[in-house]
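In: Okay, predicted coordinates and the sequence, questions at the end:
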Amino acid sequence: MKILLLGKNGQVGWELQRSLAPLGEIVALDFDSTGPLRADFAAPETLAATVRAVAPQLIVNAAAHTAVDKAEAEPDLALAINATAPGVIAREACALGAWIVHYSTDYVFDGSGSAPWTEDAPTGPLNVYGRTKLEGEMAIRASGCRHLILRTSWVYAARGSNFARTMLRLAAERDALDVIDDQIGAPTGADLLADITAHAVRMAMARPELGGTYHAAASGETSWCGYARHVVGFAREAGQALKATPEAVRPVPTSAYPTPAKRPHNSRLDTTKLRATFDLTLPSWQSGVERMLAEVLKR
């Protein structure tokens, strides 16, 4: 099988190069790829030619405009990358009879209530990022192509910058940290998402009726404050010299840190459908974060 992977240098894209390798030949591209083939999502009209040239059986789209606050200032670019480009790719996939895997977000919901969001819950994005990601989902469905859309939350990886690294840096500099405590979700590793993808793709390509939209996130829930406390506590136990203790990570409301983009308070995702359909057990968010920290701290 030939696989076209788009957004290869992002956190999820990097892990997908590993997880998809046993499934077939991977053509991995990004916006800055050199050579005749490129994947510039800021110029969606160029993507059709790339898909036609590769002629894959599977397209995995890990590219996205994920700078949530920046998207408020550049909505046209966010729309091109998050919605128009996936629509172009999906139409080409449909013409080829190929499958497409696309990643979406908890930000398609308005964050109300406290119950985990199911796949068929009403959407209501609060910001440009969430709105354009939802439009991307809709474009893929409208194309008629065979697809898996995986909505996830609070993605991190050992590679590149992430929330945990920021907390470690600040905890080494300060005696106390103020961290938001009224946004609830599940930190989800890019490695876990990549492994879920490979497993789901194998099953769905053999049983096309399994295509559709699924929620994919680590199990359990926490706030950003709880996440930070866990990071600081694990790092201190691992011998890191930090000024702040977990108890010195203080809870504050979202209003303490005004941002251009409004964030949902409830980012809980119900993963029942994914687990039942693909016979998966999703690990706790703590275990994934600890695995990532073990890698980060040894560097």
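Out: Perfect, thanks for sending it.
In: CA only for contacts and neighbour counts going forward, please
Out: Fine.
In: low-scoring stretches of the protein, by residue?
Out: 33-35, 299 (pLDDT under 70).
In: all strands for it, in order.
Out: Using DSSP state E, the strands of the chain run over residues 2-6, 25-29, 58-61, 99-105, 146-152, 155-156, 177-180, 184-185, 188-189, 212-215, 222-223, 249-252.
In: what residues does the fourth one touch?
Out: Counting by CA atoms under 8 Å, 6 or more residues apart in numbering, strand 99-105 makes contact with 57-62, 90, 93, 130, 133-134, 137, 145-153, 197, 205, all of which sit outside it.
In: Now for residue 181: which residues touch it?
Out: Residue 181 makes contacts with 223-226, 251-254, as judged by CA under 8 Å, 6+ apart.
In: Got a quick ChimeraX command for the buried subset of those residues?
Out: Here is the ChimeraX selection string for the buried members of the contacts of residue 181, based on 16 or more other CA atoms under 10 Å:
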select :223,224,225,226,251,252,254
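In: picking up where we left off before, select, out of the strands of the chain, the one closest to residue 75.
Out: Closest of the strands of the chain to residue 75 is strand 99-105, at 17.1 Å (criterion: CA to CA).
In: Paired strands for the closest one, with orientation please.
Out: Counting by DSSP bridges, the strands paired with strand 99-105 are strand 58-61 (parallel), strand 146-152 (parallel).
In: Just the angle for that strand relative to strand 2-6, thanks.
Out: Counting by axes from the mean of the first three to the mean of the last three CA atoms, to 10 degrees, strand 99-105 points 30 degrees away from the direction of strand 2-6.
In: so how far is strand 99-105 from its chain's centroid?
Out: Centre-to-centre, strand 99-105 and its host chain are 10 Å apart (CA atoms, centre = their mean, to the nearest Å).
In: List the buried residues for it?
Out: So for strand 99-105, counting by 16+ other CA under 10 Å, buried means 99-105.
In: Please apply the same query to stretch 261-279.
Out: For stretch 261-279, burial by neighbour count (16+ other CA under 10 Å) applies to 261-271, 273-275, 278.
In: contacting residues around that stretch?
Out: 68-69, 72, 106-107, 109-119, 126-128, 152-153, 182-186, 199-200, 203, 210, 214-217, 221, 280-282.
In: can you list the strands paired with strand 99-105 in JSON lines and add distance to residue 232?
Out: Shown next, in JSON lines, are these (distance: least, CA to CA, whole Å):
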{"stretch": "strand 58-61", "distance to residue 232": "33"}
{"stretch": "strand 146-152", "distance to residue 232": "24"}
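In: ok so, going back, and which of the buried residues of stretch 261-279 is nearest residue 41?
Out: Of the buried residues of stretch 261-279, the one sitting nearest to residue 41 (CA to CA) turns out to be residue 261, at 22.2 Å.
In: give me the number of residues near residue 210?
Out: Applying other CA atoms under 10 Å, we find 18 other residues in the vicinity of residue 210.
In: Among the contacts of stretch 261-279, the buried ones, what's the PyMOL command?
Out: Selection of buried members from the contacts of stretch 261-279 for PyMOL, criterion 16+ other CA under 10 Å:
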select buried, resi 68+69+72+106+107+109+110+111+116+117+119+126+127+128+152+153+182+183+184+185+186+199+200+210+214+215+216+217+221+282
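In: closest one to residue 294 among the strands paired with strand 99-105?
Out: If we rank these by CA to CA, the stretch that ends up nearest is strand 146-152, at 23.0 Å.
In: Now do the closest one: distance to the chain's middle.
Out: Offset of strand 146-152 from its chain centre (CA atoms, centre = their mean): 11 Å.
In: Output it in PDB with nothing but the alpha carbons.
Out: Coordinates of the C-alpha atoms in strand 146-152 are reproduced here as PDB (Å, rounded to 0.1, in the frame of the first residue of the first chain):
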ATOM      1  CA  ARG A 146     -13.900   7.000   2.800                       C
ATOM      2  CA  HIS A 147     -12.500   8.600   5.900                       C
ATOM      3  CA  LEU A 148     -11.600   8.400   9.600                       C
ATOM      4  CA  ILE A 149     -11.800  11.700  11.500                       C
ATOM      5  CA  LEU A 150     -10.100  11.500  14.900                       C
ATOM      6  CA  ARG A 151     -11.000  14.300  17.300                       C
ATOM      7  CA  THR A 152      -8.400  14.600  20.100                       C
END
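In: Could you tell me which residues make contact with the nearest residue to residue 68 once chain neighbours are set aside?
Out: Excluding the flanking residues, the one nearest residue 68 by CA to CA, 6 or more residues apart in numbering is residue 129, at 5.6 Å. For residue 129, the contact set (CA under 8 Å, 6+ apart) comprises 65-68, 71-72, 78, 107.
In: Could you export the residues you listed as JSON lines, including distance to residue 7?
Out: Putting the contacts of residue 129 into JSON lines (distance: CA to CA, whole Å) gives the following:
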{"residue": "65", "distance to residue 7": "11"}
{"residue": "66", "distance to residue 7": "12"}
{"residue": "67", "distance to residue 7": "15"}
{"residue": "68", "distance to residue 7": "18"}
{"residue": "71", "distance to residue 7": "18"}
{"residue": "72", "distance to residue 7": "22"}
{"residue": "78", "distance to residue 7": "15"}
{"residue": "107", "distance to residue 7": "20"}
